[in-house]
Structures are given as structure tokens and as C-alpha cells.
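>>> Dropping the sequence and predicted coords here.
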Amino acid sequence: MEDILASIRKILSEDEAEPAKPEPAKAAPPPPPAPEPMIMEPEPEPEPVMAEPGEPVASIFDPEPEEEPAFNPEFEPPLQLTDSMYADPEPQYEPEQAPSFGQQFYDTSYGEGLVSDPVAAASGASIAQLAQAVARERAVALGNHGLTLEQLVREICTPILKHWLDINLPYMIERIVKQEIERIATRSDRT
């Protein structure tokens with residue numbers, strides 16, 4: 001901190017030692033003319049209109065009243081109600097019962113299908129054959145040995161599972177038995 005202050009003092013002392021050359025002063029531009037003061041004149045107030053005694057006030061505001069429609073003594077007789085004018089009562093509809101649980105609520109009756117009857121029969125037969133083939137061979141054979149996917153997974157996983165159980169099963173049994181003994185002992189202490 002002291003070093004910084006010392007360097008600042010040194011710079012200032014050097015500046016004072018050198019006499020500054022005065023620059024020639026430039027003539028200042030003439031000041032702009034002062035704006036003329038704005039004089040606000042109040043707007044003239046409208047002269048109040050006074051009603052003459054006996055003159056209605058409405059005549060002050062509306063010097064020319066609108067003409068009222070002339071009364072026409074000839075009028076049309078009121079309409080007579082006829083049978084054709086009565087509205088027909090709306091038909092009463094019986095609300096349909098909502099389908100109960102498990103009941104189908106859509107129309108299962110089919111009209112014309114998109115395919116002809118022979119094509120539909122052939123398609124149905126093909127689907128039936130496919131279902132029978134799947135039922136016969138539930139397992140898909142893999143590789144040359146005729147192993148199914150399930151058999152292959154069992155063959156691969158058995159040694160891995162056996163190794164894991166050999167390592168972890170004794171510890172798991174010990175821990176579970178210990179927890180159960182502690183639980184039984186805690187119960188017997190309470191009674």
C-alpha cells in the first residue's frame with residue numbers, strides 16, 4: 001500500500017516540477033440567445049346561460065326539440081291465436097340404460113365387410129393354422145443344438161447364480177437369522 005502511495009506522490013511531484021505550457025485560450029462562443037418567455041393566457045370561460053323565469057330548462061340545452069312520432073289512431077287488431085300457432089310438444093324419449101359392468105355398449109353387428117366372403121374365410125384359415133403352429137412349438141429353437149431360448153438362458157445363468165449363492169448365501173442366512181433372534185428376544189423382554 002505504501003509503495004502505491006509513494007509512486008503516486010512521485011508522479012505528482014514530477015508533474016509540479018515541469019512547468020506547464022499555457023495553451024492559447026480560445027474565444028468562447030457567444031451564448032445562445034435567451035428564449036422568449038412564453039405567456040400563458042387563460043382560455044376564455046364560456047358565458048353561463050341563464051334560463052328566463054318561466055322558461056323550461058330543457059329549452060336551454062336543446063333549442064330545437066325533436067319531433068315526436070304522430071299518434072295514429074288506426075291500429076292493427078291484436079293477433080288471434082290459432083291451432084297452427086301452437087308448438088308441437090317435443091316427443092318424450094326413454095333414456096337408454098347405461099351398460100352394466102362387463103356389458104358391451106357398442107354395436108357388434110357387422111354389415112358388409114371390407115373383404116369378400118372367400119377372402120375372409122381364407123384369412124381365417126391362415127390365422128387358425130398360425131395359432132396351431134404356435135401352440136405346437138411354444139419354444140423357438142436356437143443354434144444347431146435345437147436349444148430353446150429358455151434352455152439357453154438357464155444353461156448360461158446356472159453357473160453364475162451358483163457362484164453368487166456360494167459367496168453370499170452364508171452371510172445372508174446369518175444376518176437374517178440374527179435379526180429374527182433379536183426380534184424374538186425383544187418381544188420376550190417386553191412381556
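Nice, I can see it.
>>> Burial check on Ser7, number of neighbours?
10 (other CB atoms under 10 Å). (C-beta placed from N, C-alpha, C; glycine too.)
>>> Show me what the one helix or strand it maps to packs onto, helices and strands only.
Take DSSP states H and E as the rule and Ser7 turns out to sit in helix 2-17. Helix 2-17 sits against no helix or strand, with contacts defined as 3 or more CB pairs under 8 Å, 6 or more residues apart in numbering; DSSP states H and E.
>>> buried stuff in it?
Buried residues in helix 2-17, counting neighbours by 16 or more other CB atoms under 10 Å, are absent.
>>> Which helix or strand lies directly C-terminal to the helix or strand of the chain with the lowest mean pLDDT?
In the chain, the helix or strand scored least confidently by mean pLDDT, DSSP states H and E is helix 58-61, which has a mean of 58. Helices and strands here follow DSSP H and E; after helix 58-61, the next one along the chain is helix 117-136.
>>> tell me the mean pLDDT over the helix holding Ser7?
For helix 2-17, mean pLDDT rounds to 80.
>>> and what of stretch 37-55?
Mean predicted confidence for stretch 37-55 is 70.
>>> ends of stretch 28-42, how far apart?
41 Å (CA to CA, to the nearest Å).
>>> in that stretch, what's buried?
Buried residues in stretch 28-42 (16+ other CB under 10 Å): none.
>>> Low-confidence ranges, the chain, go.
17-27, 48-66, 69-73, 75-79, 81, 83-89, 91, 95, 98-113, 138-145 (pLDDT under 70).
>>> Kindly recompute the last result at 80.
For the chain, the stretches with pLDDT under 80 are 1, 15-116, 134-148, 190-191.
>>> Quick one: list the elements packing against the longest helix seen in the chain.
Counting residues, the longest helix found in the chain (DSSP state H) is helix 149-190. Packing contacts for helix 149-190, counted by 3+ CB pairs under 8 Å, 6+ apart, involve no helix or strand.
>>> what separates Leu12 from Leu5, distance-wise?
Going from Leu12 to Leu5 by CB to CB, to the nearest Å gives 11 Å.
>>> hmm, I was thinking of Asn168
Distance from Asn168 to Leu5, by CB to CB: 74 Å.
>>> who's in contact with the helix holding Ser7?
Taking contacts as CB atoms under 8 Å, 6 or more residues apart in numbering, no residue outside helix 2-17 touches it.
>>> Just the C-alpha atoms of it, please, in PDB.
Extracted in PDB, the C-alpha atoms of helix 2-17 (Å, rounded to 0.1, in the frame of the first residue of the first chain):
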ATOM      1  CA  GLU A   2       2.900   2.300   0.900                       C
ATOM      2  CA  ASP A   3       4.500   1.600  -2.400                       C
ATOM      3  CA  ILE A   4       1.500   2.600  -4.300                       C
ATOM      4  CA  LEU A   5       1.100   5.900  -2.400                       C
ATOM      5  CA  ALA A   6       4.900   6.600  -2.900                       C
ATOM      6  CA  SER A   7       4.600   6.100  -6.600                       C
ATOM      7  CA  ILE A   8       1.600   8.400  -6.800                       C
ATOM      8  CA  ARG A   9       3.500  11.100  -4.800                       C
ATOM      9  CA  LYS A  10       6.400  10.800  -7.100                       C
ATOM     10  CA  ILE A  11       4.300  11.200 -10.200                       C
ATOM     11  CA  LEU A  12       2.600  14.300  -8.700                       C
ATOM     12  CA  SER A  13       5.900  15.900  -7.800                       C
ATOM     13  CA  GLU A  14       7.300  15.300 -11.300                       C
ATOM     14  CA  ASP A  15       4.200  17.000 -12.800                       C
ATOM     15  CA  GLU A  16       4.700  20.000 -10.500                       C
ATOM     16  CA  ALA A  17       8.400  20.300 -11.400                       C
END
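>>> Nice, that's everything, thank you.
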